[in-house]
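*Asks:* Sequence first, predicted coordinates after that:
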Amino acid sequence: MKHLDPFISIITVSLNAEATIEDTLVSVSLQQRSFDIEHICVDGGSTDRTRDVVDAWALRTGHIKRIYERDHGIFDAMNKGLRAAKGEYVLFLNADDFLVAPDTLTKAMDAARPGGEGNPI
């Protein structure tokens, strides 16, 4: 897949999410898709191994962008991710959530397309 601007920006904010964030990262990395994505991981100062897990996955994939800096709470962190996002669409995916199937993003975008299954337009 050639490098284009991402179609979807996925934003995950975290603080001490070592126990769950790998499931989040794996679920995004395994997405079968025909469009580019970026996964923006914003960490506000974890003191556990959260950043180590994100760093390891960032080395494996080319779509993870990291923002590591203190914030003033979850909404400040979400806004930092939103300011960095370059996608046409944005998905906030919490550090303890995951995409349930490898075709979740494709199905969602097919349904959003005019004439797509489930879209009355």
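*Replies:* Sure, I can see it. Numbers count the residues shown, from 1 in each chain.
*Asks:* for this protein, which spans come out with low pLDDT?
*Replies:* Judged against pLDDT under 70, the low-scoring parts of the chain cover residues 1-5, 115-116, 118-121.
*Asks:* any chance you could map the strands in it?
*Replies:* Along the chain, the segments classed as strands by DSSP state E run 8-14, 37-43, 64-68, 89-92.
*Asks:* In a markdown table, list those strands along with distance to Leu99 and mean neighbour count.
*Replies:* Any C-beta I mention is one placed from the backbone N, CA and C, and that applies to glycine too. Formatted as a markdown table, the entries for the strands of the chain read as follows, by distance: least, CB to CB, whole Å; neighbours: other CB atoms under 10 Å:
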| stretch | distance to Leu99 | mean neighbour count |
| --- | --- | --- |
| strand 8-14 | 9 | 25 |
| strand 37-43 | 11 | 24 |
| strand 64-68 | 15 | 17 |
| strand 89-92 | 9 | 16 |
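*Asks:* could those go into CSV alongside distance to Val53?
*Replies:* As requested, these are arranged in CSV below (distance: least, CB to CB, whole Å):
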stretch, distance to Val53
strand 8-14, 9
strand 37-43, 10
strand 64-68, 11
strand 89-92, 19
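*Asks:* and the gap between His72 and Thr24?
*Replies:* With distances defined as CB to CB, to the nearest Å, the gap from His72 to Thr24 amounts to 23 Å.
*Asks:* between these two, who's got more neighbours?
*Replies:* More crowded of His72 and Thr24, by other CB atoms under 10 Å: Thr24, with 25 against 9.
*Asks:* Leaving aside the residues adjacent along the chain, what's closest to the more buried one?
*Replies:* For Thr24, the nearest residue in space outside its immediate sequence neighbours is Phe98; the separation is 5.3 Å by CB to CB, 6 or more residues apart in numbering.
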